[in-house]
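Colleague: Need coordinates for the following:
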Amino acid sequence: MKKLNILLGAMLVIVICFLMVNIATQFKGGRYPELNYLKNNNKLEFKDLQIYFKKIAQEKGAEYAFSILKIADLPPNTDIHLLAHTVGDILYKQQGMQGIKVCTQDFRNACSHSIVVGLFIDRGISALQDIANICRSAPGGIGAYGMCFHGLGHGILAYTGYDMTKAVSYCSQIGTPARHFVETSECVGGTMMEMIGGVHDPIAWQRQKDKYLKVNDPLFPCNQNFIPDIAKENCYNYLTPHLWEVAGGDLGNPTEADFAKSFKYCSKLSGEESAYQESCYGGFGKEFVALAQSRDIRRTEQMNQSQLKTIYNWCLLAEDTDGISACIHQVVNSLYWGGENKPDSAVTFCGQADNDQFRNVCFSQLIGNFKYYQKPSRLFGLCNTLPDNYKKECRAKNI
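Modeller: Take a look at the predicted model:
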């Protein structure tokens, strides 16, 4: 009888759990009816998704559209960051620069990017002071300030008609010594990313892209003098997709062969430019995190061991100790995302390293992130997430 009661109790628990999940699903579908449409149309092209989310944002408000985007079932390889830009652009039209108040760091700060991009496109140079003030209140931790100016770089390039020389000169005007000119560096990184994608004005981009993206000089324009030294690291860091294209890869689905071939372009940096090899190699790590999860950056905190092992193996394709280390550094930075994400994925990633050197490189970078982005009161708890042999290093006052 006792065993029967235990069995019946277990079955009752299972039934209750099933009903709760079913009710929650129905509630979510009732609250957001758009979710059912997206689930049943999971082969929509990116342009179709842009149109659909733009319509939602216009009819029900951008905040509502962002709520949908956070939880919707979307086709693999959908660029969630760019899709969030579509919603953010509508938010700017609806609320102006005050829209920054409802932005979050979700979608890798795409919302705040849209606000500053829209503001600059509307008002040009006269908006810079307002943009600086907005970026100081950008949502998220201390890393959000720099990412806000990254978004501005996208807008500046579109404003100049994709004249990168002129855009970089504008970025150079906004750097502050107190912030170690991070504003200029991130702004130039944004212009480089925008130059590769041409998202905000494809027609103007088509007219200019061959001037700044060269097959016969893959490292152009980052190796040019019009890129200030303070910004060269970020320029090379965002150049990676162009290197894949030069190597013959398809940006929608680059392969390991493309990675191996394009890594070699970084090794060609020489003379004074050789100082930026680490940034060039590191850019691959940043991109790998998105690729390994089919560009669904909403799931970064839930990446599994197989995905993280794949990223580590991709970094090994650099076939250069310093290059591999730089790639690992940027993977850690991207997984932890300025302290906005939980550390679990980064800790699991570091555990994939199959030799002591790269494992130490990985955990040391993560510890550095802990200490830079988090308050001392949180440090002890974060250190406890690490394997025992790294806890002491983490708890030390200096790295």
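Colleague: element containing the spatially most central residue of the chain, please.
Modeller: Residue closest to the mean C-alpha point of the chain, counted by CA atoms, centre = their mean, is Arg108 at 4.9 Å. Using DSSP states H and E, Arg108 falls within helix 106-123.
Colleague: Which elements pack onto that helix?
Modeller: With contacts taken as 3 or more CB pairs under 8 Å, 6 or more residues apart in numbering; DSSP states H and E, helix 106-123 sits against helix 62-71, helix 80-95, helix 128-136, helix 143-159. To be clear about C-beta, it is placed using only N, CA and C from the backbone, and glycine gets the same treatment.
Colleague: For Asn216, which of those helices is the nearest?
Modeller: Closest of those to Asn216 is helix 143-159, at 22.7 Å (criterion: CB to CB).
Colleague: helices and strands around the closest one, which ones?
Modeller: Against helix 143-159 (3+ CB pairs under 8 Å, 6+ apart) you get helix 106-123, helix 128-136, helix 164-171, helix 182-197.
Colleague: which of those sits most buried?
Modeller: Counting by mean count of other CB atoms under 10 Å, helix 182-197 has the highest mean neighbour count of those, with a mean of 26.
Colleague: For the following helix or strand past that helix, give the mean pLDDT please.
Modeller: Downstream of helix 182-197, the next assigned helix or strand under DSSP H and E is helix 202-212. Averaged over helix 202-212, pLDDT sits at 96.
Colleague: Buried residues, helix 202-212. List them.
Modeller: Neighbour-count burial for helix 202-212 flags Ala204, Trp205, Gln208, Lys209, Tyr212 (criterion: 16 or more other CB atoms under 10 Å).
Colleague: ok, now stretch 350-365?
Modeller: By 16+ other CB under 10 Å, the buried positions in stretch 350-365 come out as Cys350, Gly351, Gln352, Ala353, Phe358, Arg359, Asn360, Val361, Cys362, Phe363, Ser364, Gln365.
Colleague: Same question for the nearest residue to the first one once chain neighbours are set aside, what's its three-state structure.
Modeller: Closest residue to Cys350 in three dimensions, ignoring its sequence neighbours and counting by CB to CB, 6 or more residues apart in numbering: Cys362, at 3.7 Å. Reduced to three states with DSSP: H, G, I helix; E, B strand; the rest coil, the structure at Cys362 is helix.
Colleague: end to end, how far does stretch 334-347 reach?
Modeller: Terminal residues of stretch 334-347 lie 12 Å apart, using CA to CA, to the nearest Å.
Colleague: Just the mean pLDDT for it, thanks.
Modeller: Confidence for stretch 334-347, expressed as mean pLDDT, is 93.
Colleague: One more: stretch 88-103?
Modeller: Mean pLDDT, stretch 88-103: 93.
Colleague: now do stretch 57-76
Modeller: Per-region confidence: stretch 57-76 scores 95 on mean pLDDT.
Colleague: The chain should start at 28 in everything you say after this.
Modeller: Shifting the count to begin at 28 puts that one at stretch 84-103.
Colleague: So what touches it?
Modeller: Residues from elsewhere that reach stretch 84-103 (CB atoms under 8 Å, 6 or more residues apart in numbering): 55, 59, 61-62, 65-66, 69-71, 76, 80, 83, 107, 110-111, 113-115, 117-118, 121-122, 126, 129, 131, 133-134, 138, 321-323, 325.
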